[in-house]
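[1] give me a model of this one.
(chains A and B)
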Amino acid sequence: MKNLKSLSKYARTNIYSYGMVIVAFVVVTIAQSMGMINNFLGGLLVPVCVYVVMALSLNLVVGVSGELSLGHAGFMSVGAFSGIVAAAMVRDSISSDPLKLLIAIVIGGIFAGIVGFLVGIPVLRLRGDYLAIVTLAFGEIIKNIINYIYVGVDANGLHVCTGTADNLNMENGRIVLQGPQGAVGVQKIATFGAGIVLVLVTLFVVINLIHSRSGRAITAIRDNRIAAESVGISVTKYKLTAFVTSAVLAGMAGALYAMNYSSIAAKKFDFNTSILILVFVVLGGMGNIPGTILATVVLYLVPELLRSFADYRMLIYAIVLIVVMLAKNSQKVKMLKDTILEKIFKKTKPTEVGDNV
Amino acid sequence: MSKMVPLPSKSIVPERDLDKAPILETHHLGIDFGGLTAVDDLTLAVGRTEICGLIGPNGAGKTTVFNLLTNVYQPTRGTIMLDGKITTGKSTAHINRMGIARTFQNIRLFSNMSVIDNVKVGLHNSTKESLFASLTHTFGYRGAEKKATERALELLDFFHMADLAKHEAGSLPYGAQRRLEIVRALATNPSIVLLDEPAAGMNPSETAELMENIRKIRDSFQIAIMLIEHDMNLVMNICEGICVLDHGKVIAKGTPDEIKQNPTVIEAYLGKKEAE
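    Residues are numbered from 1 along each chain as shown, chains lettered A, B, ... in the order given. The predicted structure is shown next:
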């Protein structure tokens, strides 16, 4: 009989990651139907999914491709606001909420991807610290640009201007984006179901990419750039592939996130958000997909659930971060984890696991 | 030791008659680092299925020559031609696609990846798998992966490493890491392989096996091999042509026997060995 250890890394990552998400979905749905989830907790469901997608996509850049990016929230921002504008444009012509949400997410992903491509071309020629600094600057620039833009929709279509809302020249239109105030009057159409679907899509893309020809090239460049070049791999092309894929996913997450609130400002997607996501990735494990999901869920929920502790909230959060960091590097915890996982999987589904070899 | 397949006589010496055009040629190749001339006026030619050696004392500029040939350094002067096409100015990756593969003096494996994945990275440009196929694992993904896996195992098997396929490359013993680097280089389907000190750190029996392997590679793949090596036994035994560098300049070219007799070489390099 084969146990979990004998499985390929690919199969194990798949089982853990998809399993975790599906179990979470089932548990939450059951809890919801039993009325066990209050409004406060219910409001956290979509953001948790969004942050899981953000962390998974950042892991593609930081963990798999080995480049430190500090501007991931910038792509989230691009996706959020282009998604909002797209949703506002189809607001009257399309009645189905899921379809509107889908359009917003797709447009958000496309725009973030384009921006990712444009930023990536010059930036990925830089290495290490320089890349971190430039991506950091990019995040701030995006924030400031959006703070300066006014967008409105009326019967004639889209109006965009800078400075003040008066420059829009609209007739009976609706203002969508109001400079520093951000997006206003957004339809709250994001659902937990959509969040789970987006997480699954992200998992599909990220795991597939890692275990493919392109993924091998990306990992090879991370492990040894000079050797990768010597076997004919174009470094810029594959770094860009990872970077743009990551930007697209972040943009989609951003659009979903925006659709969860009636108003949202660009300052939400600042440096702190980028760092928060980076913390999830680092503590979840570079290139470790199930670890990233787990770390994101725990580390996002802890400070939210600690709100009743008011002043001590961030103190406890800091302690949690340190404990996670220590536990992650501890051999004892690792052994404990292996034994637990082995026991669970041996007892419950040895045959299915065996089939996956 | 296996009997060598008789091959047409080839030499790195351009003045000699080569029955076919050489695979690799350099003309007056040179590079300066600031005021230091690391390699100067290097002119040589390597036959299509020749095993040739690049030797010289430490710091003579041997590895620099390899770095010039693969454009890790851009030459200050001179040209490099592979199969009649100029490679000077092309990127390292492009030069590999044109047909030059190499190994490194200080092993550069993708140490966190499995042995077979290292070889599959080498097969990158012969694997036909689009980015879309990579992302969705459909549309030819399975076929391409299967082919790459089969080819990788075939290559590993050639060096009796197929049973190590799933091990992490960084965890392999030293000798196996060196062999894996050669397999990875061969996976790129080159017309010439540059081996940078392939026998470094090996014991005599491993070196003997390596010599066997180098001949085997040439005979089976019908490619040229250029190697840098300090092990004179290896060089004199398997190289058909030898080029001796000292202080970035060629001081002698010729067959092993000619090099052994050459007084300049003995003075610069082999003299130390004989004094032992």
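
[2] which strand or helix spans the spatially most central residue of chain B?
    Nearest residue to the geometric centre of chain B (Cα atoms, centre = their mean): residue B:194, 1.4 Å. Per DSSP states H and E, residue B:194 falls inside strand B:192-196.

[3] can you pull out the strands in the chain?
    You didn't pick a chain, so chain A it is. Ranges of strands within chain A are A:149-154, A:157-162, A:174-178, based on DSSP state E.

[4] actually chain B
    Applying DSSP E to chain B gives strands spanning B:24-33, B:36-46, B:51-55, B:77-82, B:85-86, B:100-102, B:192-196, B:224-228, B:241-246, B:249-254.

[5] so which of those gets nearest residue A:155?
    strand B:85-86 (61.8 Å; Cβ to Cβ). C-beta coordinates here come from the backbone N, C-alpha and C atoms, glycine included.

[6] any residue of the closest one touching chain A?
    No. Strand B:85-86 is not in contact with chain A by Cβ under 8 Å from any Cβ of the partner chain; minimum separation 15.7 Å.

[7] each with direction, which strands does that strand pair with?
    Looking at strand B:85-86 with DSSP bridges, its partner strands are strand B:77-82 (antiparallel).

[8] hmm, who's touching the strand it pairs with?
    The contact list for strand B:77-82 (Cβ atoms under 8 Å, 6 or more residues apart in numbering or on different chains) reads B:23-31, B:41-43, B:68-69, B:86-88, B:95, B:98-100, B:191-192.

[9] stretch A:178-189 too?
    Contact partners of stretch A:178-189, identified using Cβ under 8 Å, 6+ apart, comprise A:80-81, A:84, A:87-88, A:91, A:97-98, A:100-101, A:104, A:146-150, A:164-165, A:174-177, A:258-268.

[10] and the contacts of strand B:77-82, which are buried?
    Buried members of the contacts of strand B:77-82, scored by 16 or more other Cβ atoms under 10 Å in any protein chain shown, are B:23-27, B:29-31, B:42, B:68-69, B:87-88, B:95, B:99-100, B:191-192.

[11] may I have the residues that are in contact with the closest residue to residue A:66 other than its chain neighbours?
    Once flanking residues are discounted, residue A:66 sits nearest to residue A:222: 3.4 Å by Cβ to Cβ, 6 or more residues apart in numbering or on different chains. By Cβ under 8 Å, 6+ apart, the contact set of residue A:222 is A:64, A:65, A:66.

[12] chain neighbours aside, what residue packs nearest to the first one?
    By that I understand residue A:64. In space, residue A:64 is closest to residue A:287, 5.3 Å off (Cβ to Cβ, 6+ apart).

[13] again with residue A:81
    residue A:146 (5.6 Å).

[14] same thing with residue A:117?
    Using Cβ to Cβ, 6+ apart and skipping residues adjacent in sequence, the residue nearest residue A:117 is residue A:244, 5.1 Å away.

[15] just to revisit the earlier point, who wins for neighbours among the contacts of residue A:222?
    residue A:65 (24 neighbours; other Cβ atoms under 10 Å in any protein chain shown).

[16] count the neighbours of the nearest residue to it once chain neighbours are set aside for me.
    Once flanking residues are discounted, residue A:65 sits nearest to residue A:242: 3.9 Å by Cβ to Cβ, 6+ apart. By other Cβ under 10 Å, the residues close to residue A:242 number 29.

[17] mind listing what residue A:242 touches?
    A:60, A:61, A:64, A:65, A:67, A:209, A:218.

[18] need the pLDDT of it.
    For residue A:242, the pLDDT comes out at 92.

[19] can you give me the distance of it to residue B:131?
    Noted for residue A:242: a distance of 11 Å to residue B:131, by Cβ to Cβ, to the nearest Å.

[20] ok, now residue A:252?
    18 Å.

[21] higher neighbour count, these two?
    A count of neighbours by other Cβ under 10 Å puts residue A:252 above the other of residue A:252 and residue B:131, at 30 against 15.

[22] number of residues surrounding the nearest residue to the more buried one once chain neighbours are set aside?
    Leaving aside its chain neighbours, residue A:252 sits nearest to residue A:109 (4.0 Å; criterion: Cβ to Cβ, 6+ apart). Residue A:109 has 27 neighbouring residues, counting by other Cβ under 10 Å.

[23] next, count neighbours for the closest residue to residue B:228 other than its chain neighbours.
    Closest residue to residue B:228 apart from its sequence neighbours, by Cβ to Cβ, 6+ apart: residue B:62 at 4.5 Å. Other residues near residue B:62 come to 26 when the count uses other Cβ under 10 Å.

[24] look up the pLDDT of residue B:62 for me, please.
    89.

[25] which residues sit in contact with it?
    Counted by Cβ under 8 Å, 6+ apart, residue B:62 has contacts B:54, B:55, B:56, B:196, B:228, B:245.

[26] beta partners of the second one?
    In other words, residue B:55. Applying DSSP bridges to residue B:55 gives these bridge partners: residue B:244.

[27] ok, it - contacts?
    Contact analysis of residue B:55 by Cβ under 8 Å, 6+ apart lists B:62, B:228, B:229, B:230, B:232, B:235, B:242, B:243, B:244, B:245, B:269.

[28] ok, 7 Å please
    B:229, B:235, B:242, B:244, B:269 (Cβ atoms under 7 Å, 6 or more residues apart in numbering or on different chains).

[29] equivalent analysis for the fourth one, please.
    Contact criterion Cβ under 7 Å, 6+ apart gives B:63, B:66, B:102, B:103, B:104, B:105, B:228 as the residues in contact with residue B:196.

[30] can you check the third one too?
    Taking Cβ under 7 Å, 6+ apart as the criterion, residue B:56 is in contact with B:62, B:244, B:245, B:246, B:269.

[31] which of the contacts of residue B:196 are buried?
    In these, burial by neighbour count holds for B:63, B:66, B:102, B:103, B:104, B:228, counting by 16+ other Cβ under 10 Å.

[32] domains of chain B?
    Chain B breaks down by automatic domain parsing into domains covering B:1-99+B:190-276, B:111-188.

[33] what's the least confident stretch among the ones you listed?
    domain B:1-99+B:190-276 (a mean of 82).

[34] what about the stretch 251-357 of chain A, any weak spots by pLDDT?
    Within the stretch 251-357 of chain A, the ranges that satisfy pLDDT under 70 run A:310, A:328, A:344-357.
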